[in-house]
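Q: Build the 3D model from these lines:
(one chain, ligands or ions: 1)
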Amino acid sequence: MSADSSSGPKSEAAASETLRPEPVTTVKLKGTGSYTPKRVLTNKDLTEIVETTDEWIVTRTGIRERRIAAPDESASDMAVEAATRALASAGLSANDIDLVIVATITPDMPFPSTACLVQDRLGMRKVCAFDVEAACSGFIYITEIATAMLQSGRFRHALIIGTEKLSSILDWKDRATCVLFGDGAGAAVLSSQAPSGSGVIDTRLGSDGSSSGILYMPGGGCRIPASGESVAARHHFLKMNGREVFKIAVRIMEKATLEILERNRVPLEQVRCIIPHQANVRIIEMLSDRMQIPMERFHVNLDRLGNTSAASVPLALDEALTQKKIGTGDYVVLVAFGAGLTWGATLVKL
Ligand SMILES: CC(C)(COP(=O)(O)OP(=O)(O)OC[C@H]1O[C@@H](n2cnc3c(N)ncnc32)[C@H](O)[C@@H]1OP(=O)(O)O)[C@@H](O)C(=O)NCCC(=O)NCCS
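A: This is a model prediction of the structure:
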């Protein structure tokens, strides 16, 4: 490396911000699959649980109903269903997979990882399996991790899954949060292949822990372990400052989308569809307005599923593909934000 005056940590950081390293292999999106539990919880049903109205929920969020997992249905159960469908759509068997990554904030248990439970349930070889916790940006994070691992040449086929049973951490006495979320799982198979012009082109991730206090669950970790007191204080439920999250979400998702396109010199007009994290239709409408792209070019399913955190982007991606809203040759941007704060955007050419 030359020792010119611009070298050093600062300039390297600046370079990594702007330059996309040339990939050695292409990582292809081989297949997707999703699963949502049978039980539908409508806004009307919620009026019997908390003081709210269908009108308030629809006008403030766009959500009409969400799915709720059965009491004995866990994040790994839903992940297995979504993964089985993703494998079928990729034309691969569980035996072909050599990497499993699960994104979730509602694992079956703190350990072992939900990915290990999925590896076992699918009868896979004893391959690398682990969980990632990046909240609602989780699927974008695991897309980047799997892509880098596939590009290393050490892995051929990765199964990546976002799965959540958020109903298990919602405070059903807090109307400001319990109306927003739902359960489900979405999965994708990524495979390495010879360089080509399509596949997962690039991902950009970010985080800002200084805003960790606007969306979090205080209990259950080492700081506030489970106790009679922690349960009584409702520490084992999701807490959120909705207004703050809303403001940051719009700004961050716009920035992440524009940056990933700029870095890869793909004009916004060439993007067939944006698959945003499904938190609130008003957030997506504001994005549409600020970026001057019609709402039809965003895929939205939160009216039926609510916010499913790490499952939200893969559920929407699978739905857009199944509905043939997107297909071969299309540029698609996946973009999300979530607790952490975390955020990320992925550019894919199908
Ligand atoms: C949560 C959210 C819908 C609230 O909408 P808002 O317009 O900001 O509403 P506010 O929180 O200011 O509350 C307005 C009023 O509605 C009330 N309210 C809150 N939830 C309600 C509900 N389910 N039904 C009826 N009223 C409700 C509040 O108590 C408040 O009443 P007050 O004015 O008498 O105090 C919105 O802030 C949001 O979507 N934020 C982003 C959340 C998000 O994306 N989270 C996931 C991140 S991954």
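
Q: can you give me how far the helix or strand S191 falls within is from the chain middle?
A: Element membership for S191, per DSSP states H and E: strand 183-193. Taking the mean of its C-alpha atoms, strand 183-193 sits 11 Å from the chain's own mean (CA atoms, centre = their mean, to the nearest Å).

Q: Only the C-alpha atoms, please, for it, written as CSV.
A: In CSV, the C-alpha atoms belonging to strand 183-193 read as follows (Å, rounded to 0.1, in the frame of the first residue of the first chain):
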residue,chain,number,x,y,z
ASP,A,183,-46.4,-12.7,13.6
GLY,A,184,-45.0,-14.5,10.6
ALA,A,185,-41.8,-15.6,8.7
GLY,A,186,-40.2,-15.0,5.4
ALA,A,187,-37.2,-16.9,3.9
ALA,A,188,-34.8,-16.7,1.0
VAL,A,189,-32.2,-19.0,-0.5
LEU,A,190,-29.0,-17.2,-1.8
SER,A,191,-26.5,-19.1,-3.9
SER,A,192,-23.1,-18.2,-5.2
GLN,A,193,-22.5,-18.5,-8.9
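
Q: what does the stretch 101-250 of the chain put close to the ligand?
A: Contacts of the stretch 101-250 of the chain with the ligand, taken as CB under 6 Å from any ligand atom, map to C136, R175, A176, V179, L215, M240, G242, R243, V245, F246, A249. For every residue, glycine as well, the C-beta is placed using N, CA and C.

Q: What residue in the stretch 101-250 of the chain comes nearest to the ligand?
A: Using CB to the nearest ligand atom, the closest approach of the stretch 101-250 of the chain to the ligand is made by G242 at 2.9 Å.

Q: C-terminal to the strand holding S191, what's the next element?
A: Following strand 183-193 in sequence order, the next helix or strand is strand 199-207 (DSSP H and E).

Q: Just the C-alpha atoms of that next one, please, in CSV.
A: What follows is strand 199-207, C-alpha atoms only, in CSV (Å, rounded to 0.1, in the frame of the first residue of the first chain):
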residue,chain,number,x,y,z
GLY,A,199,-28.2,-11.0,-8.1
VAL,A,200,-27.7,-9.3,-4.8
ILE,A,201,-25.7,-6.3,-6.1
ASP,A,202,-25.0,-4.4,-2.9
THR,A,203,-26.1,-3.7,0.6
ARG,A,204,-25.5,-0.8,3.0
LEU,A,205,-26.0,-1.1,6.7
GLY,A,206,-26.0,1.4,9.6
SER,A,207,-26.6,1.7,13.3
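
Q: between that strand and strand 183-193, how big is the angle?
A: Between strand 199-207 and strand 183-193, the angle comes out at 130 degrees (axes from the mean of the first three to the mean of the last three CA atoms, to 10 degrees).

Q: How about residues contacting the next helix or strand after strand 199-207?
A: Using DSSP H and E, the next helix or strand after strand 199-207 towards the C-terminus is strand 215-216. Outside strand 215-216, the residues that touch it by CB atoms under 8 Å, 6 or more residues apart in numbering are A135, L238, K239, M240, N241, V245, G338, A339, L341.

Q: Can you tell me which of those end up in strands?
A: K239, M240, G338 (DSSP state E).

Q: related to what we said a few turns ago, next, count neighbours for the residue of the stretch 101-250 of the chain closest to the ligand.
A: 16 (other CB atoms under 10 Å).

Q: surely it meets A176?
A: Yes. The criterion here is CB atoms under 8 Å, and G242 meets it with A176 at 6.0 Å.

Q: so which residue of the stretch 251-350 of the chain comes closest to the ligand?
A: In the stretch 251-350 of the chain, the residue that lies nearest the ligand is A279 (3.3 Å; CB to the nearest ligand atom).

Q: Chain neighbours aside, what residue packs nearest to that residue?
A: Spatial nearest neighbour of A279, excluding adjacent residues (CB to CB, 6 or more residues apart in numbering): N307 at 4.8 Å.

Q: Quick check: that neighbour touching T177?
A: No. Using CB under 8 Å as the test, N307 is too far from T177 to be in contact (9.9 Å).

Q: hmm, back to that, and the strand holding S191, which residues are buried?
A: D183, G184, A185, G186, A187, A188, V189, L190, S191, S192 (16 or more other CB atoms under 10 Å).

Q: Helices of the stretch 151-300 of the chain, start to end?
A: Along the stretch 151-300 of the chain, counting by DSSP state H, counting those that start in this stretch, helices occupy 175-178, 228-232, 242-263, 281-291.
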